[in-house]
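>>> structure here, sequence nowhere to be found:
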């Protein structure tokens, strides 16, 4: 299962992360100085801790990484399957959505551009 705001997550990325997980409970990619929790893989036993942290209003994923045996995966370990690290793209705004469509080579018609508030080219 993954989040809906990382739509460029590649199946090969997930497979590599699972391979790298080994005996760890979490494998999280680190790129640009950030831990990318939405592109990480987690063992099921992490869920109990995640629920407890949420109950404590401790929402940052890094709290979870501190409590479990976590492997930090460098972008170099993933760049052969995703050279542009597109799997880390997090879509939160209309411009993010537009950029991802352009990355995928999907053109936007004028009606969609209008709804997103994007100027025509």
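That came through fine. If you're wondering where the values come from, they're calculated on a predicted model, not measured in any experiment. Numbering: from 1, shown residues only.

>>> which strands or helices does the helix or strand containing residue 113 pack on?
Assigned by DSSP states H and E, residue 113 belongs to helix 110-116. Packing partners of helix 110-116 (3 or more CB pairs under 8 Å, 6 or more residues apart in numbering; DSSP states H and E): helix 94-104. Where C-beta positions appear, they are placed from N, C-alpha and C, glycine not excepted.

>>> helices and strands around the helix it packs on, which ones?
Counting by 3+ CB pairs under 8 Å, 6+ apart, the packing neighbours recorded for helix 94-104 are helix 110-116.

>>> would you mark the buried spots in the helix it packs on?
For helix 110-116, burial by neighbour count (16 or more other CB atoms under 10 Å) applies to residue 113.

>>> before we move on, what about stretch 46-57?
For stretch 46-57, the neighbour count (16+ other CB under 10 Å) marks 46, 49-50, 53 as buried.

>>> next one: stretch 98-107
Buried residues in stretch 98-107, counting neighbours by 16+ other CB under 10 Å, are found at 98, 100.

>>> returning to that earlier point: how far does the helix holding residue 113 sit from its chain's centre?
Computed by CA atoms, centre = their mean, to the nearest Å, the chain-centroid distance of helix 110-116 equals 26 Å.

>>> just stretch 69-83 next, same as before
The chain centre lies 12 Å from the centre of stretch 69-83; the measure is CA atoms, centre = their mean.

>>> before we move on, what about stretch 32-46?
From the chain centre to the centre of stretch 32-46 is a distance of 8 Å (CA atoms, centre = their mean).

>>> measure it end to end?
The first and final residues of stretch 32-46 sit 25 Å from each other (CA to CA, to the nearest Å).
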